[in-house]
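Q: Have a look at this prediction, sequence included:
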Amino acid sequence: MDPEEQELFRDYRYRNYSSVIEKALRNFESSSEWADLISSLGKLNKALQSNLKYSLLPRRLIISKRLSQCLHPALPSGVHLKALETYEIIFKIIGTKWLAKDLFLYSSGLFPLLANAAMSVRPILLGLYEKYFLPLQKSLLPSLQAFVIGLLPGLEEGSEIYDRSSPQAVVCPPLSYTVLTN
């Protein structure tokens, strides 16, 4: 447990927040079909937004695992879209500091998604990359290879997302030579 998280657990409001998140996560255990997953994601979204005061999420490992499971290629795009909505809520809450620290948690579900994503999901996924991952700049370096590999399916000729997923559009401007060498 992170020292900052240990400090937060002394606060009864954070413990309450943690309990609300745990309750929302239990809904995933009884999910038997994709509609249940959408409902569980909705409850998790509500729980996450119940206390925006804390930038450190409780139970973030379990949250990231559940979100990764909701991005499974066999699930319909509605589940993927709801999961991406949850990712966006999380990224707004945690900010760049915690996203950089917990990048491995959230990237495990997001980076492989583009290859199997429906047309309606792809622009939203790329929007998350542009809005939250690219501003990490140097902090993205440990995951850069996985990030670029995750973008490769968007480089298909004639793809509607080709311009947004090309190396020049994604990697080069934000991660310029001067940033990489500092």
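A: Arrived safely. Numbering: from 1, shown residues only.

Q: Quick one: classify residue 31 as helix, strand or coil.
A: For residue 31, the secondary-structure state derived from DSSP: H, G, I helix; E, B strand; the rest coil is coil.

Q: burial count for it?
A: Residues lying near residue 31 (other CB atoms under 10 Å) number 17. Glycine gets a C-beta too; all of them are placed from N, C-alpha and C.

Q: for it, phi and psi?
A: The phi/psi pair for residue 31 (degrees, to the nearest 10) reads phi -70, psi 130.

Q: Run a quick check on it versus residue 38, I expect a contact.
A: No. At 9.2 Å, residue 31 and residue 38 do not qualify as touching, with contact defined as CB atoms under 8 Å.

Q: just checking, residue 146 touches residue 109?
A: No. In this structure, residue 146 is not within contact of residue 109 by CB under 8 Å, at 11.7 Å.

Q: Tell me which of those two has more neighbours.
A: Just comparing residue 146 and residue 109: by other CB under 10 Å the higher neighbour count belongs to residue 109, 20 against 17.

Q: Sticking with the more buried one, tell me its helix or strand.
A: Using DSSP states H and E, residue 109 maps to helix 103-110.

Q: Can you name the next helix or strand after that helix?
A: The C-terminal neighbour of helix 103-110 among helices and strands, as given by DSSP H and E, is helix 122-128.

Q: Tell me who's in contact with residue 50.
A: Residue 50 is in contact with 17, 20, counting by CB atoms under 8 Å, 6 or more residues apart in numbering.

Q: That one and residue 57: what is the separation?
A: 12 Å (CB to CB, to the nearest Å).

Q: swap in residue 154?
A: Note on residue 154: its distance to residue 57, by CB to CB, is 29 Å.

Q: neighbour-wise, which of the two wins?
A: Taking neighbours as other CB under 10 Å, residue 154 and residue 57 compare with residue 154 leading, 23 against 20.

Q: my guess is that one meets residue 129, correct?
A: No. At 9.9 Å, residue 154 does not count as touching residue 129 under the criterion of CB under 8 Å.

Q: what comes up buried for the longest helix along the chain?
A: Longest helix in the chain by number of residues (criterion: DSSP state H): helix 77-101. Using 16 or more other CB atoms under 10 Å as the test for burial, helix 77-101 gives 79-84, 86-91, 93-94, 98-100.
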